[in-house]
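Peer 1: Based on what follows, work out the 3D shape:
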Amino acid sequence: MSLNLSIKGVPENVAERLRARAERNHRSLQGELMAIIERAAADADATPDTKHDVKRDLKPELMRGAAQVPRRPVVSHRQGHVSIEQIAAEHLARYSQPFEGLPRAVDIIRKDRDSR
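Peer 2: Residues are numbered from 1 along each chain as shown. This is a model prediction of the structure:
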């Protein structure tokens, strides 16, 4: 069941900044507001134990050699965005074994192209 929310008395400069943000993210104003609310609700639910620590999530064999190259820490400056390292760590946590017996992306694209 969904719920309708309403905010009254939004200053015009705030509304204009929200419209600009929605346009930058290729969303409607309604979609942008929903994304903001979803992120805020997710942040409210998150505890330090549930937030991802990239170094903890990466497998030891992937970390070999990483100490040899000094790297700047990757910081996500915008709320709700993650670094490529965080995405890789989450992917490895979900899919530790490669998928077997599935078609490769290049084969799917080639088949689609050749069918035209």
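Peer 1: Residue ranges in this protein under the pLDDT threshold?
Peer 2: 46-80 (pLDDT under 70).
Peer 1: What ranges does it have for its helices?
Peer 2: 12-24, 29-45, 54-57, 60-63, 84-94, 105-114 (DSSP state H).
Peer 1: helices or strands next to the fifth one in the packing?
Peer 2: Applying 3 or more CB pairs under 8 Å, 6 or more residues apart in numbering; DSSP states H and E, we find helix 84-94 packed against helix 54-57. Glycine gets a C-beta too; all of them are placed from N, C-alpha and C.
Peer 1: could the helices of the chain go into a markdown table alongside mean neighbour count?
Peer 2: Below are these laid out as a markdown table (neighbours: other CB atoms under 10 Å):
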| stretch | mean neighbour count |
| --- | --- |
| helix 12-24 | 12 |
| helix 29-45 | 12 |
| helix 54-57 | 12 |
| helix 60-63 | 9 |
| helix 84-94 | 13 |
| helix 105-114 | 9 |
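Peer 1: Which among the ones you listed is found nearest to L3?
Peer 2: Closest approach to L3 among the helices of the chain (CB to CB): helix 29-45, 10.8 Å.
Peer 1: Which elements pack onto the closest one?
Peer 2: Counting contacts by 3+ CB pairs under 8 Å, 6+ apart, helix 29-45 packs against helix 12-24.
Peer 1: which helices and strands does the helix it packs on pack with?
Peer 2: Partner elements for helix 12-24 (3+ CB pairs under 8 Å, 6+ apart): helix 29-45.
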